[in-house]
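Enquirer: output the structure for:
(one chain, ligands or ions: 2)
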Amino acid sequence: MKRNLDIKSEDNFMKRFKYYKSNKPEPSLDKVVRIQYNVPIEVNNISNIIEDDSRTKLLGLRNFTDWKTYTFNKHSGLFLIANPFTSLGQRLWIRKCLEDYPRKPNKTNIDIEKHIEDWWREIHKNDELDRKLQKKLRWTTLGYHHNWDTKVYCEKNRNVFPLELAELCDVVSQYLGYIHFKAQAAIVNYYHMGSTLSAHTDHSEVNLEAPLLSFSFGQSAIFLIGGQEKSYEPSAILLNSGDILVMSKEARLCYHAVPKILQASNQPWNNYEELIQIADNDVKTKYINDETFINEINRNADNKEWSQFSSYVEKSRINVNVRQVLMENQDRLDN
Ligand code: OGA
Ligand code: MN
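Expert: Ligands and ions are numbered 1, 2, ... in the order given. All right, here's what the predicted structure looks like:
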């Protein structure tokens with residue numbers, strides 16, 4: 001009798017996954033935690049009022065005082081920072097995920113099929129967009145490359161982690177009080193409207209105490225998070241463009257999944273009043289050359305320059321999933 005009960009309860013995660021994945025019938029969103037509709041079920045706004053970081057503006061973020069941060073009673077260690085990006089900031093990061101990150105030496109899922117030096121340039125090489133190749137891109141890895149077969153990171157399979165992304169993660173982790181966090185590996189996931197990501201835990205990192213930072217851009221997603229076993233009934237959370245989800249402490253090793261991509265109810269990357277250029281200033285950054293970076297961010301205020309990126313995110317979701325791999329006192333895997 002007990003055995004049967006155990007087997008049945010193991011299906012709790014899968015049951016929810018299948019429910020939310022369904023197209024016929026479409027799932028009800030009644031039980032989905034949706035911050036923007038004021039349906040935060042068992043969610044607490046913890047807005048940290050701490051002194052602002054002078055880097056926020058440069059990185060496309062609002063001031064800390066405008067950030068809205070939520071915790072979840074049922075999921076200790078889970079944080080949701082509801083879109084702290086400006087419109088220009090969203091454009092900057094979406095563009096990086098499409099134009100820069102899939103470029104060599106970074107790795108993509110397309111590598112096993114053919115070598116493509118620069119995916120974004122390749123799909124726009126001819127007059128007509130190569131939609132087939134555009135659709136093929138499902139992930140890019142940065143820093144320590146995630147090994148999808150062995151799940152083991154190694155020193156030989158490592159490239160420089162993008163400095164501006166490390167800086168963004170530094171600002172977010174400082175804000176949450178994780179002052180020693182170092183971004184060392186990332187998976188950028190590209191989802192189409194029918195894509196899903198099945199239940200898994202992320203446990204390849206040597207350091208499992210460090211939080212995992214997850215940035216969402218473009219179309220929305222239903223995100224499921226449960227416990228360390230699949231029997232735990234998961235919660236469903238709507239993730240919108242600009243949202244940052246942080247899995248730390250107890251939540252770091254919990255099962256999670258993306259059963260459905262949903263059409264976004266608005267396009268925060270196209271908020272025209274907010275697409276003003278950021279002024280030149282003498283922000284002190286840790287890693288990035290601020291003058292080049294200011295030009296890079298400002299270019300995105302131009303709608304014409306940004307139109308190809310806009311077409312992509314109108315039909316896709318991008319998730320940047322950042323991890324620290326090493327222990328605090330390590331600088332390589334082999335020491
Ligand atoms: C991952 C992941 C979640 C998401 O890449 O490991 O869990 O929101 N992504 O896409
Ligand atoms: Mn994951």
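Enquirer: going by C-alpha atoms from here, please, whenever you check contacts or count neighbours.
Expert: Noted.
Enquirer: can you pull out the strands in the protein?
Expert: Assigned by DSSP state E, the strands in the chain fall at 32-33, 43-45, 68-72, 75-82, 107-108, 139-143, 185-192, 197-200, 212-218, 220-225, 235-239, 244-247, 256-262, 316-323.
Enquirer: for ligand 1, find the nearest of those strands.
Expert: Distance to ligand 1, taken as C-alpha to the nearest ligand atom, is lowest for strand 316-323 among these, at 4.8 Å.
Enquirer: that closest one pairs with which strands?
Expert: strand 185-192 (antiparallel), strand 212-218 (antiparallel) (DSSP bridges).
Enquirer: just to revisit the earlier point, need the strands of the chain in a markdown table (columns: distance to L61 and mean pLDDT).
Expert: As requested, the strands of the chain are exported to a markdown table (distance: least, C-alpha to C-alpha, whole Å; pLDDT from 0 to 100):
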| stretch | distance to L61 | mean pLDDT |
| --- | --- | --- |
| strand 32-33 | 24 | 93 |
| strand 43-45 | 19 | 55 |
| strand 68-72 | 12 | 88 |
| strand 75-82 | 12 | 93 |
| strand 107-108 | 28 | 98 |
| strand 139-143 | 22 | 98 |
| strand 185-192 | 20 | 98 |
| strand 197-200 | 28 | 96 |
| strand 212-218 | 13 | 98 |
| strand 220-225 | 19 | 98 |
| strand 235-239 | 18 | 96 |
| strand 244-247 | 12 | 98 |
| strand 256-262 | 24 | 98 |
| strand 316-323 | 16 | 98 |
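Enquirer: could I get those as CSV with mean neighbour count and distance to Q330?
Expert: Output for the strands of the chain, formatted as CSV (neighbours: other C-alpha atoms under 10 Å; distance: least, C-alpha to C-alpha, whole Å):
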stretch, mean neighbour count, distance to Q330
strand 32-33, 20, 38
strand 43-45, 15, 35
strand 68-72, 19, 31
strand 75-82, 20, 24
strand 107-108, 25, 24
strand 139-143, 23, 15
strand 185-192, 23, 15
strand 197-200, 15, 27
strand 212-218, 24, 18
strand 220-225, 25, 30
strand 235-239, 23, 33
strand 244-247, 23, 22
strand 256-262, 23, 28
strand 316-323, 24, 15
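Enquirer: could you dump those into a markdown table with distance to N23 added?
Expert: Shown next, in a markdown table, are those (distance: least, C-alpha to C-alpha, whole Å):
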| stretch | distance to N23 |
| --- | --- |
| strand 32-33 | 16 |
| strand 43-45 | 28 |
| strand 68-72 | 28 |
| strand 75-82 | 27 |
| strand 107-108 | 29 |
| strand 139-143 | 24 |
| strand 185-192 | 15 |
| strand 197-200 | 16 |
| strand 212-218 | 20 |
| strand 220-225 | 13 |
| strand 235-239 | 17 |
| strand 244-247 | 26 |
| strand 256-262 | 9 |
| strand 316-323 | 17 |
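Enquirer: that older thread, how about the strands paired with strand 316-323 in a markdown table, adding distance to ligand 1?
Expert: Output for those, formatted as a markdown table (distance: least, C-alpha to the nearest ligand atom, whole Å):
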| stretch | distance to ligand 1 |
| --- | --- |
| strand 185-192 | 6 |
| strand 212-218 | 7 |
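Enquirer: out of those strands, nearest to D331?
Expert: Nearest to D331 among the strands paired with strand 316-323 is strand 185-192; the distance by C-alpha to C-alpha comes to 13.2 Å.
Enquirer: can you pull the contacts of T56?
Expert: For T56, the contact set (C-alpha atoms under 8 Å, 6 or more residues apart in numbering) comprises R62, N63, F64, V171.
Enquirer: just the ones of those in helices?
Expert: The helices, defined by DSSP state H, take in V171 from the contacts of T56.
Enquirer: can you pick the most crowded of the contacts of T56?
Expert: Ranked by the number of neighbours (other C-alpha atoms under 10 Å), the contacts of T56 place V171 first, at 23 neighbours.
Enquirer: wait, it sits on D52?
Expert: No - the criterion here is C-alpha atoms under 8 Å, and V171 misses it with D52 at 9.8 Å.
Enquirer: list the contacts of the residue nearest the centre of the chain.
Expert: Nearest to the geometric centre of the chain sits F215, at 2.5 Å (C-alpha atoms, centre = their mean). By C-alpha under 8 Å, 6+ apart, F215 lies in contact with G242, D243, I244, L245, N319, V320, N321.
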